[in-house]
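> just to be clear, the model below is a prediction. Sequence and coordinates:
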Amino acid sequence: MTSAAVGQTVTACGPTGENGSMPLQTPMAPRRFRWAPLATTSLLALAGIFAAPIRAQQPARPATASAAVTPWQPKIHFNAPPNWINDPNGPILVNGQYQLFFQSNPFGDQWGHMSWGHAASPDLVHWKQLPVAIPEADGVMIFSGSTVEDRDNTSGLCGAAGQRTPGCLVAIYTGASQSPDKQAQNLAFSSDGGTVWTKYSANPVLDLGLKDFRDPKVFWHAPSQSWVMVVSLADQHKVRFYRSRNLRQWEQTGEFGPAGAVGGVWECPDLMELNVREPAGKHEAQGKVVDHRWVLSVNLNPGGPAGGSADQYFVGQFDGARFTEDHPGSGPHWADWGKDFYASTSVSNTPPAPQGNQDRIWLAWMDNWQYAGKLPALPGRGQMTIARSLYLRQPPAHTSLTPSQEPLALVQQPILSTPAFRPSQSLFGGAPYQTIAQANQRIAEGKLAGSTYLLRVTLDPGDASEAGVRLRRSSADPTQAAQEETVVGIDATTRRIFVDRTHSGETDWSADFPARVWAPLKHAVENSIRLEIVVDRNSVEVFAEDGETVLTNLVFPAAASTGLAFYSTPTPPGVGPALVRGVEFIPFD
């Protein structure tokens, strides 16, 4: 066969075999550690796919009977039917469009044949899937990495010396080979904003001869006038920092770890300078920027707070060479307390924190390696979280902290282009506070229901031991019990917020899936807890305490389970009942 060799131009490739046949599907492997070589039939198919450039206009594989759309096909989250996807790779803003690359198996809905898939969006909500950007070839799978725009042609890959090259994208990714079993850092480049890619002929550009050395995140560090790479030594619970002037030659400058949680391998690191904002005023959406700090994000598998995969972060200083944590030993700090937030990565090419008021943006793979290969098909398996703005928030005045505590809270807020959808269906009027019964009466009167919506509410448990909201219910009547529902609640006794998906729908396909996951509330003295909940056909993302406490979880309810209801445990006469206020229901159906 003839395949796209290193140094040849490769373009997005179609995912079908010859004569429309279904290519080989490989069995699920633990993340990146078990190989699935191409069988003879797939090699023949690849000969037709990779022998010549294939333009981005090539249509995707048509759906088959086995890939019928299910009730769980997400509406506002990116997924790539009918194939497998996992880590987001190298999201970048170029010419007003967000380009997203991601781990993809072009040949089936299980992990294997890792290549970089490709999608584009004007707003991080409405995505257009494009053909494969960088395919597996010559025994080297294309593992996770990042992209940068090399406008000044520092790499010399997109033009002659001294020539400015706006739109020149350079992908820095881990090339994973089986023989020998090792991982090294490679380059590919595109002169047209990400459609046609060429693998660098002198790959790899950073090779330590290790089998667990992966997931480079690269960015331009203006103070040192250099490119910086943060990359994982996965089994050592460390990340290393490298510096380069041209993206091709790298020198080590520092190392961080072990630290925080070390119950699993460290993967998909990211290093970002974030705005530090003061707490918002009474009539402000967010506080003003008062400082900046660096955040080192490190994904961990297993060892997360809810079991399996998770994302931890460290707050500190970065001088262009080394990262220093502000409060060593204060963690672990979890970015998300749910079961399904992993391999997070920030969007490149957005203005750096010191140059404006704009906050960073990131997203993650909405899944968990405990059960990723067993997920009910959408069709395909895998999807991304909602993109989220990201910053640090100072604690409220008079907060009591010890010198060893990290005072800054990571804040995430969902990015949803709500003006593109229908406006709010119901803004509860009347009294500022309403009892649970009053709120449910308004739900019934307004016939509020749906499978895809944004719910905003401020909840005060009062003297109830527990209060919350029941989502995706099999009963449309908020006063009646439901066999199927996902519960988001506040446990006032333990001062925890939780998401209970034990009766959320299809749960028996993995013993690790049905769960009640929880997070400690950061502001235990506050009676009112602000919730912002993003509900899609197969997921619930909870942003509590104005985005300081986040829980992301998949669910698989029946299509007819669209009910909504508030609830609380009983309170005796004469004590404070649970109350809600500021309820806003914005449907996306």
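On my side now, so go ahead. Residues are numbered from 1 along each chain as shown.
> now do the strands in the stretch 51-200 of the chain.
84-94, 97-105, 115-121, 128-134, 140-149, 169-177, 182-190, 196-199 (DSSP state E, counting those that start in this stretch).
> need these in a markdown table with mean pLDDT, can you?
A markdown table is the format used below for those (pLDDT from 0 to 100):
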| stretch | mean pLDDT |
| --- | --- |
| strand 84-94 | 97 |
| strand 97-105 | 98 |
| strand 115-121 | 98 |
| strand 128-134 | 96 |
| strand 140-149 | 98 |
| strand 169-177 | 98 |
| strand 182-190 | 98 |
| strand 196-199 | 97 |
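> can I get the ones you listed in CSV including mean neighbour count and distance to Gln249?
Backbone N, C-alpha and C define where each C-beta goes, glycine included. Output for the strands of the stretch 51-200 of the chain, formatted as CSV (neighbours: other Cβ atoms under 10 Å; distance: least, Cβ to Cβ, whole Å):
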stretch, mean neighbour count, distance to Gln249
strand 84-94, 25, 21
strand 97-105, 26, 24
strand 115-121, 24, 24
strand 128-134, 22, 22
strand 140-149, 25, 16
strand 169-177, 25, 13
strand 182-190, 23, 11
strand 196-199, 22, 18
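> closest to Asp500 out of those strands?
Asp500 sits nearest to strand 84-94 of all these, at 26.1 Å, using Cβ to Cβ.
> the closest one to strand 97-105, inter-axis angle?
Counting by axes from the mean of the first three to the mean of the last three Cα atoms, to 10 degrees, strand 84-94 lies at 160 degrees to strand 97-105.
> which strands or helices does strand 84-94 pack on?
Packing partners of strand 84-94 (3 or more Cβ pairs under 8 Å, 6 or more residues apart in numbering; DSSP states H and E): strand 97-105, strand 115-121, strand 140-149, strand 169-177, strand 342-346, strand 360-365.
> quick one: low-confidence residue ranges for the stretch 201-350 of the chain.
Along the stretch 201-350 of the chain, the parts satisfying pLDDT under 70 run over 282-283.
> hey, where'd the strands end up in it?
Using DSSP E, counting those that start in this stretch, the strands of the stretch 201-350 of the chain run over 213-221, 226-233, 238-244, 251-256, 265-277, 289-301, 310-318, 323-325, 333-334, 342-346.
> list the contacts of the residue positioned nearest the centre of the chain.
The chain has Ala364 as the residue nearest its centroid, 1.0 Å off, counting by Cα atoms, centre = their mean. Neighbouring residues of Ala364 by Cβ atoms under 8 Å, 6 or more residues apart in numbering: 88, 311, 336, 341-345, 384-385, 552.
> isn't Pro166 right next to Glu149, touching?
Yes - between Pro166 and Glu149 there is a contact at 7.4 Å, judged by Cβ atoms under 8 Å.
> pull the number of nearby residues for Val457.
Val457 has 21 neighbours, counted by other Cβ atoms under 10 Å.
> ok but it is inside a helix, no?
No - Val457 is assigned strand when assessed by DSSP: H, G, I helix; E, B strand; the rest coil, not a helix.
> what's the pLDDT at it?
pLDDT for Val457: 95.
> give me the phi and psi for the closest residue in space to it that isn't next to it in sequence.
The shortest distance from Val457 to any non-neighbouring residue, by Cβ to Cβ, 6 or more residues apart in numbering, is to Val583 (4.8 Å). Main-chain dihedrals, Val583, degrees, to the nearest 10: phi -80, psi 130.
> against Leu531, how distant is Val583?
To Leu531, Val583 is 10 Å away according to Cβ to Cβ, to the nearest Å.
> now do Ser417
21 Å.
> between the two, who's got more neighbours?
Neighbours per residue, other Cβ under 10 Å: of Ser417 and Leu531, the larger number sits with Leu531, 22 against 13.
> can you list contacts of whatever helix or strand the more buried one lives in?
Using DSSP states H and E, Leu531 sits within strand 529-536. Strand 529-536 is contacted by residues 74-77, 386, 413-414, 416, 450-461, 469, 471-472, 488, 490, 497, 521, 540-547, 582, 588 when judged by Cβ under 8 Å, 6+ apart.
> off-centre distance for that strand?
How far strand 529-536 lies from its chain's middle: 17 Å, per Cα atoms, centre = their mean, to the nearest Å.
> listing partners with orientation, what would you give for that strand?
In the sheet, strand 529-536 lines up against strand 453-460 (antiparallel), strand 539-544 (antiparallel) (DSSP bridges).
> now the helix or strand following the last one - C-alpha only, PDB.
I take that to be strand 539-544. Note on strand 539-544: by DSSP H and E, the next helix or strand toward the C-terminus is strand 549-554. What follows is strand 549-554, C-alpha atoms only, in PDB (Å, rounded to 0.1, in the frame of the first residue of the first chain):
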ATOM      1  CA  THR A 549     -18.400  24.400  42.500                       C
ATOM      2  CA  VAL A 550     -19.000  22.300  39.400                       C
ATOM      3  CA  LEU A 551     -20.300  18.800  38.800                       C
ATOM      4  CA  THR A 552     -20.500  17.200  35.300                       C
ATOM      5  CA  ASN A 553     -22.300  14.000  34.800                       C
ATOM      6  CA  LEU A 554     -23.700  11.900  31.900                       C
END
